[in-house]
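Novice: got a sequence here, can you model it:
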Amino acid sequence: MTSNPRITLEQWQALVAVVEAGGYARAAERLHKSQSTLTYAVQRIESLLGVKAFELKGRRAQLTPTGQLLYRRARVLLQEAGGLEAAAERLSAGWEAEIRLAMEILFPTSVMLEALDRFNAESPHTQIELIESVLGGTAEALLQGQVDLAIAPSIPPGFAGEPLLRMRLIAVAHRDHPLHRLGRVATHDDLRAHRQLLVRESGSTRNTRPAFDASARWTVGQMSTSIEAARAGYGFAWIPEEKIRDELASGLLAPLALQPAAERYVELHLIFASRDTAGPGVLRLAQRIHETVRRRCASPSAEPDATGTVRAQRIAAGVPAANGPTD
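Specialist: Sure, this is the predicted structure:
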């Protein structure tokens with residue numbers, strides 16, 4: 001059990017002001033108090049704690065080693081107190097204490113982190129919980145009331161969403177993968193003969209099945225693991241272009257020659273759990289996400305691709321356009 005503080009914040013403020021102003025007279029002007037008031041406050045600290053904060057050296061008062069410690073800790077204390085008051089003001093104005101966001105793993109992670117950082121500069125005391133989800137897991141988070149915002153390829157019935165980003169997905173494999181040495185366009189039969197790298201759906205109920213009956217299949221939990229496996233030559237995968245720009249530029253990963261083409265497109269949407277009741281923090285975070293996408297991404301929101309965004313998203317995770325039995 002902690003004891004009640006004997007020193008008030010006002011007294012600690014007096015000590016800090018005297019140190020930073022270089023004397024009692026200037027500190028008194030800065031705080032709009034009398035010099036005697038500040039002198040008494042510092043003496044009170046020394047008396048209650050049984051220490052000496054200042055010592056005379058010539059005609060100047062300088063901090064003792066103990067005084068230096070008190071000054072450093074007092075500055076931190078005052079900053080924490082100021083931060084607490086600012087947080088309380090934000091909350092009283094309606095800024096949420098916590099915002100929960102589900103992000104489809106196709107979305108560029110660096111873009112999301114920048115948007116969160118920009119939001120945090122405005123509301124540093126709002127806690128962010130980011131759920132990285134796949135396929136049905138994103139919609140499930142919305143339907144179960146687990147999040148305030150979501151980024152997903154389709155908008156569940158009853159929810160309000162906005163077009164955010166049109167993603168290009170590319171079927172790729174390591175540059176030395178056998179699929180690159182066929183000397184012709186690869187068919188579905190060619191793909192079935194090789195290992196496919198998939199990302200597991202994060203929903204509690206998997207209602208999809210793999211697009212190809214591959215001879216081998218690795219299903220992982222994160223897009224980063226799928227990319228690492230492709231980089232190492234362990235298989236092929238459909239991966240968002242934004243996430244493998246460096247690998248494509250270096251030639252480590254190369255697009256597969258497929259029929260139909262190795263490219264697919266998916267339109268991601270920013271979806272509100274409840275647009276009508278969204279707080280100012282949720283609305284501002286949504287704004288920051290949109291702004292960061294427009295600045296960072298080559299293909300911001302556009303009309304959904306004619307082939308259907310849901311189909312493209314399912315292909316990206318290695319599942320067909322139509323629902324099928326659980327994998």
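
Novice: doesn't Ala171 belong to a strand?
Specialist: Yes: the assignment for Ala171 (DSSP: H, G, I helix; E, B strand; the rest coil) places it in a strand.

Novice: just checking, it touches Gly235?
Specialist: No: with contact taken as C-beta atoms under 8 Å, Ala171 and Gly235 are classed as non-touching, separated by 11.2 Å. Every C-beta, even on glycine, is put in place using the N, C-alpha and C of the backbone.

Novice: OK, contacts around Ala25?
Specialist: Gln35 (C-beta atoms under 8 Å, 6 or more residues apart in numbering).

Novice: against Gln13, how distant is it?
Specialist: Distance of Ala25 to Gln13, computed by C-beta to C-beta, to the nearest Å: 16 Å.

Novice: what do you get for Thr126?
Specialist: According to C-beta to C-beta, Thr126 stands 27 Å off from Gln13.

Novice: please state the offset of stretch 20-34 from the chain centre?
Specialist: With C-alpha atoms, centre = their mean, to the nearest Å as the basis, stretch 20-34 stands 43 Å off its chain's centre.

Novice: just the endpoints, please. Distance across it?
Specialist: Between the start and the finish of stretch 20-34 there is a gap of 17 Å, counting by C-alpha to C-alpha, to the nearest Å.

Novice: contact partners for the residue lying closest to Glu242 once chain neighbours are set aside?
Specialist: Taking C-beta to C-beta, 6 or more residues apart in numbering as the measure, Glu242 lies nearest to Pro108, with 4.4 Å between them; neighbours along the chain are not counted. Contacts for Pro108 were tallied using C-beta under 8 Å, 6+ apart; they are 240, 242-243, 296-297.

Novice: what helices or strands is whichever strand or helix holds Leu77 leaning on?
Specialist: Assigned by DSSP states H and E, Leu77 falls within helix 65-92. Applying 3 or more C-beta pairs under 8 Å, 6 or more residues apart in numbering; DSSP states H and E, we find helix 65-92 packed against helix 9-21.

Novice: list the residues that contact His290.
Specialist: Taking C-beta under 8 Å, 6+ apart, we find His290 in contact with 162, 164, 270.

Novice: narrow the residues you listed to those that are buried.
Specialist: Among the contacts of His290, those buried by neighbour count (16 or more other C-beta atoms under 10 Å) are 164, 270.

Novice: which of the three states applies to Arg168?
Specialist: Per three-state DSSP, the secondary structure class of Arg168 is strand.

Novice: now do it, the pLDDT please.
Specialist: Note on Arg168: pLDDT of 86.

Novice: right, and it touches Ile239 too?
Specialist: No: when contacts are counted by C-beta under 8 Å, Arg168 is not listed as touching Ile239 (10.1 Å).

Novice: more neighbours: those two, which one.
Specialist: Looking at Arg168 and Ile239 with other C-beta atoms under 10 Å, you find the greater number of neighbours at Ile239, namely 23 against 15.

Novice: so in terms of bridging, what pairs with that one?
Specialist: Note on Ile239: beta-bridge partners by DSSP bridges are Ile170.

Novice: that one and Ala229: what is the separation?
Specialist: Using C-beta to C-beta, we find Ile239 at a distance of 11 Å from Ala229.

Novice: got it, and Glu267?
Specialist: Glu267 sits 27 Å away from Ala229, taking C-beta to C-beta as the criterion.
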